[in-house]
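S.K.: A predicted structure for the sequence below; I have some questions about it.
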Amino acid sequence: MSTLRYKAAAAAGTLYFICGPGALPAEAPVPAPAGPDSVQLVGVLLVAVGGRPRISVGIGNRTDRLLWLRITVDAGREVVCEDERLALRGMKIEWYACAVDPVVEGRAYPVRIEIYGDEWSEEPDGVKTARPVFTRRDIQQLQPKLRR
């Protein structure tokens, strides 16, 4: 009877997991990498939240598993949307607000969506991008909703 040993780095040193036969399924399913086709960019909108301008990014998860996202907007400086890592449940669409102030007519606001298969990955499994440009009309429609 053989013993399977799994070695994983732990903060306190080396940690060993020991499992006997039958402890793991014969063929454990390995999830596919979370590439750029795992998500769909639903839209990019200019909205007001709490009287401040925001760029809202809608993202749909095309898979049936939890994905992790990091969304940034280049507004002259990199703005991270909401949290550093965002969880997006399988087969769901979520909207994320990114604080951008001021919004300038005709300027591109590049959006970068990094897709991770798990919360701890350092490198993204895939990336999606968009370059929304807001018109004078977009900004005029937003003005009455902004706090002065």
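M.R.: Nice, thanks for sending it over. Numbering: from 1, shown residues only.

S.K.: wait, D101 sits on P53?
M.R.: Yes. With contact defined as C-beta atoms under 8 Å, D101 counts as touching P53 (5.4 Å). Quick note: C-beta positions are derived from backbone N, CA and C, even for glycine.

S.K.: neighbour count winner among the two?
M.R.: Taking other C-beta atoms under 10 Å, D101 and P53 do not tie; P53 has more neighbours (22 against 10).

S.K.: Spit out the contact partners of that one.
M.R.: L46, V47, A99, V100, D101, P102, V103, L142, L146 (C-beta atoms under 8 Å, 6 or more residues apart in numbering).

S.K.: Can you flag which of these belong to helices?
M.R.: Cross-referencing the contacts of P53 against helices under DSSP state H gives L142.

S.K.: Any chance of the contacts of P53 in CSV with pLDDT as columns?
M.R.: Shown next, in CSV, are these (pLDDT from 0 to 100):
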residue, pLDDT
L46, 95
V47, 95
A99, 94
V100, 93
D101, 88
P102, 90
V103, 92
L142, 93
L146, 91
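
S.K.: Quick check: of the contacts of P53, which has the highest neighbour count?
M.R.: The contacts of P53, ranked by neighbours (other C-beta under 10 Å): first place V100, 21 neighbours.

S.K.: So that one versus S56, what's the distance?
M.R.: To S56, V100 is 10 Å away according to C-beta to C-beta, to the nearest Å.

S.K.: so where's the chain uncertain?
M.R.: Applying pLDDT under 70 to the chain picks out residues 1-31.

S.K.: Helices along that one, start to end?
M.R.: Ranges of helices in the chain, per DSSP H, are 136-142.
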